[in-house]
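Chemist: Turn this into a model:
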Amino acid sequence: IMKRAPQLSPSSLRNELESDVVPDPSSLIRAIGQYLESVSETEFARSSVSIDDAIERDKRERSIVVQGLPESCAEKASERVAEDLSKVTAMLDLAELEHTPAIVFRMVPNTSATSAHPSVYIRPSLTKEEREAAFQLRQRRRQLLAQGKDVIVYAGELIERNQLKSFKKNQRS
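Modeler: Numbering: from 1, shown residues only. Reported below is the predicted structural model:
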């Protein structure tokens, strides 16, 4: 006996599954297939993009960028990678952070070999838009410094240096 295919809605499909009548498996499979086909491709694309965005956001929230480390002179790529990992791990140890890098890679070769003590900068991993916003904030700080104001960038905001202690206290509470 062939049962009719359930209507193409989640509630009717659920009702069909929860009913006391044992559904015909092939009919049920066809109904599920029809329901899945009825989901628009744009909905599928939107959900996969939002999943990709969430994954990327999670990676960025757990990532840092280290700038200014001297480049390895090792001949083999595997030795250069091992040396980079060792340097980053040593920096994390110095900062007393109990984290192990999941991945370390060199983004841009160090072209400033003239300095015996290159500056090292650590910042969060940012999107292009976030980097541009941070740049604008630093530009604004430079303008204020030129006007004689003693301001710093802290936690993504411009604050007067003498207000740092109270700002930190407010951030914690």
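
Chemist: domains of the chain?
Modeler: Per automatic domain parsing, the domain ranges recorded for the chain read 10-58, 63-124, 126-173.

Chemist: Output those domains in a markdown table; the columns should cover mean neighbour count.
Modeler: No exception for glycine: its C-beta is placed from N, CA and C like everyone else's. Formatted as a markdown table, the domains of the chain follow (neighbours: other CB atoms under 10 Å):
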| stretch | mean neighbour count |
| --- | --- |
| domain 10-58 | 11 |
| domain 63-124 | 12 |
| domain 126-173 | 11 |
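
Chemist: Can you lay out those domains as TSV showing mean pLDDT?
Modeler: Shown next, in TSV, are the domains of the chain (pLDDT from 0 to 100):
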stretch	mean pLDDT
domain 10-58	66
domain 63-124	76
domain 126-173	88
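
Chemist: so how far is Pro70 from the closest residue in space to Asp84 that isn't next to it in sequence?
Modeler: The shortest distance from Asp84 to any non-neighbouring residue, by CB to CB, 6 or more residues apart in numbering, is to Val104 (5.2 Å). From Val104 over to Pro70 the distance is 14 Å, taken as CB to CB, to the nearest Å.

Chemist: same thing with Leu158?
Modeler: For Leu158 relative to Pro70 (CB to CB), the value is 32 Å.

Chemist: where along this protein do the strands fall?
Modeler: Taking DSSP state E as the criterion, the chain carries its strands at 64-67, 121-124, 151-154, 157-160.

Chemist: right, and the ones you listed - which one's nearest Arg57?
Modeler: When the strands of the chain are compared by CB to CB, strand 121-124 sits nearest Arg57, at 11.9 Å.

Chemist: What is that closest one packed up against?
Modeler: strand 64-67 (3 or more CB pairs under 8 Å, 6 or more residues apart in numbering; DSSP states H and E).

Chemist: Kindly recompute the last result at 10 Å.
Modeler: strand 64-67, helix 77-94, helix 128-146 (3 or more CB pairs under 10 Å, 6 or more residues apart in numbering; DSSP states H and E).
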